[in-house]
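Novice: Okay, predicted coordinates and the sequence, questions at the end:
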Amino acid sequence: MRHFLVITKSKKVFKTIQGCFRQGYSVEKASSNNVGLEMLRTKRYDFIFIDLALFSESVKGNEYKLALQAFWQLNPSAEIIVMSPPEMIRESVMAVKAGASNYLTYPINLDELKYLTESIDASLIVQSELDYLRDQFWQSDSLEIVQTKNLLVKKVFDKIRSVAPTKSTVLISGETGTGKGVLAQLIHKHSNRKDSPFINVHCGAIPDTLLESELFGHEKGAFTGAVRRKLGKFEIAKGGTIFLDEIGTITPSAQIKLLQILQEGTFNRVGGEETLQANVRVIAATNTSLKMMCDEGQFRTDLYYRLNVFPIDIPPLRERREDIPFFVEVILKKLNKFHTKNIHSIHPPVIEAFKQYLWPGNIRELENLMERAYILETSPVLTPESFPSEIFSSKDSAPLIFVDSLLTLAETRRRSIEYFEKQYLKEILTQHKGRIKESALTAGISTRQLNKLMTRYGIKKEEFKPKNLPLN
């Protein structure tokens, strides 16, 4: 049976939709967004029809996407259709651009209604078949990596699927911590070279004087300290893939030798005369603009074009916020695997704060924060107290409220009170620079009560004192 939810105050609209879908369908009504969201907590619906006038009440400015996410968080697979009068078509189109499946105008035409739902069903079937074929390409241990709700990242994985079986050179660009190395391994794993070596070289971590020796090898006596012949990474990677991370940091002479490999497929060891064949695929990565470096004379233009055969640009985490809950789940699963704790979830306020945070360190920063919180946490749920306060300092963040259906009402209330008390005490102590008397006066409690609460929550006044002020 298919389940439809109609969010409207109009009995006529509800009766029209209910009358259009009878046998094999369950059509239910909600008189407001909040009622609809409550119904979604206990039941899953295939389609949600929302009166745009009601929906707009929860939309600030043009943030339709944010309002739609409230429904998708409870029912990720629901297809949302907005309903509006003809004069609100502009707003309806904005809602569709934000992710709604389609829109209907009043008065609702039964033929249009049926056609709309049938066409959405048909496109879902096609999409599921495409997803199945895509999943057939990816190895089973890579399926977790390629999951995403972000359109830009989906295009990245489409590119990887296209280029992986070829021999083409790939240039991956993106900010630090976006997972360039993971994508390089993904390309290698799904290439015809997967059974040969994958050699990872962090060019920025190798001293300039040793870089050429590391990459291309050297002969005995080539320089002081070269007491024997050494094979370079390009020889070790024979038949496989070499991943050159931070490619923009390599020296001018190394750039010339790398250009020779990409153009002619040959190289020489440092101090050697023998010409060696380089049967290796090159994947390079950079967190800076190589094009800009070329314009400034810091990188060879001819090498840039040889590396940039197949460019892949990875969006930063702040541009793929819809994937944050998935990353959290994967990281938590990994932490539980390697540690003795069993933390099963993370408080919703933390997820909301994550979606507001800018993530300058991207996925790597998220992993580090999760690991730190995991170590500090004493309950089976990651709570805000285990995370740095700057995560919750976004001006756009809504007040954080504890809601966890796995806990009793009493336990939820207790944790919420503790959290708000702790945040309040930190705020007034910051305001009064750690002065106990002034802080207690502002809070309307005695200094003894304040000290007792600070001890309970592990708050020390020294943390709020300027360095040059004596403690009181």
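Specialist: It's in. These numbers were taken from a predicted model, which means no experiment stands behind them.
Novice: Let me know the pLDDT of Leu469.
Specialist: Among the per-residue scores, Leu469 holds a pLDDT of 39.
Novice: avg pLDDT for stretch 108-122?
Specialist: The model assigns stretch 108-122 a mean pLDDT of 82.
Novice: Show me the contact partners of that stretch.
Specialist: 13, 16-17, 19-21, 47, 79, 81, 83, 101-102, 104 (C-beta atoms under 8 Å, 6 or more residues apart in numbering). No exception for glycine: its C-beta is placed from N, CA and C like everyone else's.
Novice: Count the residues that sit near Pro384.
Specialist: Neighbour count of Pro384, defined by other C-beta atoms under 10 Å: 21.
Novice: Now do the same contact list for it.
Specialist: Neighbours of Pro384 in contact, by C-beta under 8 Å, 6+ apart: His347, Pro349, Val350, Ala353, Ile391, Phe392, Leu400, Tyr419.
Novice: what's the distance between the residue nearest to Asp313 when sequence neighbours are not counted and Phe14?
Specialist: Nearest non-adjacent residue to Asp313, counting by C-beta to C-beta, 6 or more residues apart in numbering: Ser173, 5.1 Å away. From Ser173 across to Phe14, the span is 51 Å (C-beta to C-beta, to the nearest Å).
Novice: do the same with Phe157
Specialist: Taken as C-beta to C-beta, the span from Phe157 to Phe14 is 41 Å.
Novice: if you go through the chain in chain order, where are the strands?
Specialist: Secondary structure of the chain (DSSP state E): strands at 2-7, 25-30, 47-51, 79-84, 102-105, 170-173, 198-202, 241-245, 266-268, 275-277, 281-286, 310-313, 345-346, 381-382.
Novice: strands paired with the third one, and their directions?
Specialist: In the sheet, strand 47-51 lines up against strand 2-7 (parallel), strand 79-84 (parallel) (DSSP bridges).
Novice: how far does it sit from the chain's center?
Specialist: 28 Å (C-alpha atoms, centre = their mean, to the nearest Å).
Novice: Alpha carbons of it, in CSV - could you do that?
Specialist: Extracted C-alpha coordinates of strand 47-51, given in CSV (Å, rounded to 0.1, in the frame of the first residue of the first chain):
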residue,chain,number,x,y,z
PHE,A,47,4.4,11.3,-1.1
ILE,A,48,3.9,14.5,1.0
PHE,A,49,1.6,17.2,-0.5
ILE,A,50,2.2,20.6,1.2
ASP,A,51,0.1,23.7,0.9
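Novice: Which residues does it contact?
Specialist: 2-10, 13, 17, 33, 36, 40, 71, 75, 78-84, 104, 117, 120.
Novice: nearest to Tyr374, of the strands paired with strand 47-51?
Specialist: Evaluated over those, closeness to Tyr374 peaks at strand 79-84, with 34.9 Å, by C-beta to C-beta.
Novice: Would you mind pulling the contact partners of that closest one?
Specialist: Contact with strand 79-84 is made by 8, 13, 46-53, 55, 68, 71, 91-92, 95-96, 99-106, 108, 116, 120, 124, as judged by C-beta under 8 Å, 6+ apart.
Novice: quick check: mean pLDDT across that strand?
Specialist: On average, strand 79-84 scores 90.
Novice: Put the alpha carbons of that strand into PDB.
Specialist: The C-alpha trace of strand 79-84 is given here as PDB (Å, rounded to 0.1, in the frame of the first residue of the first chain):
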ATOM      1  CA  GLU A  79       8.700  12.800  -2.500                       C
ATOM      2  CA  ILE A  80       7.500  16.300  -1.600                       C
ATOM      3  CA  ILE A  81       5.000  18.200  -3.900                       C
ATOM      4  CA  VAL A  82       4.000  21.800  -3.100                       C
ATOM      5  CA  MET A  83       0.500  23.100  -3.800                       C
ATOM      6  CA  SER A  84      -0.200  26.800  -4.500                       C
END
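Novice: Now do the contacts for the closest residue to Gly434 other than its chain neighbours.
Specialist: Of all residues beyond its chain neighbours, the one nearest Gly434 is Phe464 (3.6 Å), with distances taken as C-beta to C-beta, 6+ apart. By C-beta under 8 Å, 6+ apart, Phe464 lies in contact with Lys426, Leu429, Thr430, His432, Lys433, Gly434.
Novice: Now distance to Val270 too, for these, in CSV please.
Specialist: Converted to CSV, the contacts of Phe464 look like this (distance: C-beta to C-beta, whole Å):
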residue, distance to Val270
Lys426, 58
Leu429, 61
Thr430, 58
His432, 64
Lys433, 60
Gly434, 60
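Novice: ranges for the helices of the stretch 351-472 of the chain?
Specialist: Counting by DSSP state H, counting those that start in this stretch, one finds helices in the stretch 351-472 of the chain at the ranges 362-376, 409-431, 436-443, 447-456.
Novice: follow-up on the earlier one: just the buried residues of the contacts of strand 47-51.
Specialist: Buried members of those, counted by 16 or more other C-beta atoms under 10 Å: 4-8, 10, 13, 17, 33, 36, 40, 71, 75, 78-84, 104, 117, 120.
Novice: hang on, the earlier thing: now distance to Gln185 too, for the contacts of stretch 108-122, in TSV please.
Specialist: Converted to TSV, those look like this (distance: C-beta to C-beta, whole Å):
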residue	distance to Gln185
Val13	52
Thr16	54
Ile17	49
Gly19	55
Cys20	51
Phe21	48
Phe47	40
Glu79	36
Ile81	41
Met83	47
Ser101	36
Asn102	39
Leu104	46
